[in-house]
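[1] Predicted model follows, preceded by the sequence.
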Amino acid sequence: MNKTLILVVEDDTPVHNLITTTLKTHDYKYISAKNGAGAIMEASTHNPDIVLLDLGLPDIDGVEVIEKIRSWSNMPIIVISARSEDSDKIEALDAGADDYLTKPFSVEELLDLKDRMERERPTPWEELPDLALYMDQIIAYMPRQLIRFGEGESLTSAMVNNYIKDGLVPRADGKRYGPVHLGYLTAVCALKKVLSVRDTGV
Ligand code: CA
């Protein structure tokens, strides 16, 4: 059994069944939600590896679901929508969706995107390398956590020192940093995408 857990948010039963049958065929675990409130609840309860989210939901708009999830999590969100309007997709991406599929999509498209999202998922804390790293080594490691820094922007030792000074990241053990530091730095860099720069004390 594949360990990846996928949350399928879709109120249209035939589409829902098509997606879940595909996932089942490929041995993926999934959970389902038929509306926005259910999606937010399932996402927070089960912390899925990927969310497949329909934008047109019966209770709240899919974009609002993305905003809610993004207020606490960086989990990959793929929007699935019948809407062919580019403005809806742009709005969803702006709200923090990672990618989108337009209905009707093929099984191959779904699996390709899912594979890409899996590869792009940051390493969870418990699987971070248990090494004592120097400052330049943790900075070199951070792009592997796939934090998308803005154009011409990157993590510097001065920034890391500021995070430590502000108590956002624990102090080095001697001059060495370990998995805990990588975990905190991943969280801080991910949060920077949601909060303003001033809020994170940079
Ligand atoms: Ca729908």
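    It's in. Residues are numbered from 1 along each chain as shown.
[2] what's in contact with the helix-or-strand element of the chain with minimal mean pLDDT?
    When the helices and strands of the chain are compared on mean pLDDT, DSSP states H and E, helix 107-120 comes out lowest with a mean of 76. Helix 107-120 is touched from outside by 4, 6, 19, 22, 26, 28, 49-50, 52, 76, 78, 98-99, 101, 146, with contacts defined as C-beta atoms under 8 Å, 6 or more residues apart in numbering. Heads up, the C-betas are built off the backbone N, CA and C, glycines and all.
[3] Generate a PyMOL selection restricted to the buried subset of these.
    Buried subset of these, written as a PyMOL selection, criterion 16 or more other C-beta atoms under 10 Å:
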select buried, resi 4+6+19+22+28+49+50+52+76+78+98+101
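[4] Filter the contacts of helix 107-120 down to the ones in helices?
    Ile19, Thr22 (DSSP state H).
[5] Enumerate the residues of this protein near the ion.
    Proximity of the chain to the ion is confined to Asp11, Asp12, Asp54, Gly56 under the rule C-beta under 5 Å from the ion.
[6] mind putting those residues in TSV, secondary structure and pLDDT included?
    Formatted as TSV, the residues of the chain next to the ion follow (DSSP: H, G, I helix; E, B strand; the rest coil; pLDDT from 0 to 100):
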residue	secondary structure	pLDDT
Asp11	coil	94
Asp12	coil	91
Asp54	strand	93
Gly56	coil	90
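[7] any idea which of those has the most stuff around it?
    When neighbours are counted by other C-beta atoms under 10 Å, Asp54 leads these with 26 neighbours.
[8] and it, what does it touch?
    With contact set as C-beta under 8 Å, 6+ apart, Asp54 has these partners: Val9, Glu10, Asp11, Asp12, Val15, Gly62, Val79, Ile80, Ser81.
[9] same check, this time on Asp59
    Counting by C-beta under 8 Å, 6+ apart, Asp59 touches Asn35, Gly36, Ala37.
[10] can you check Gly38 too?
    Val9.
[11] nearest residue to Leu128 other than its sequence neighbours?
    Closest residue to Leu128 apart from its sequence neighbours, by C-beta to C-beta, 6 or more residues apart in numbering: Pro179 at 3.8 Å.
[12] just checking, the one you found touches Pro129?
    Yes. With contacts counted by C-beta atoms under 8 Å, Pro179 reaches Pro129, the gap being 6.6 Å.
[13] Looking at the two, which is more packed in?
    Pro179 (17 against 11).
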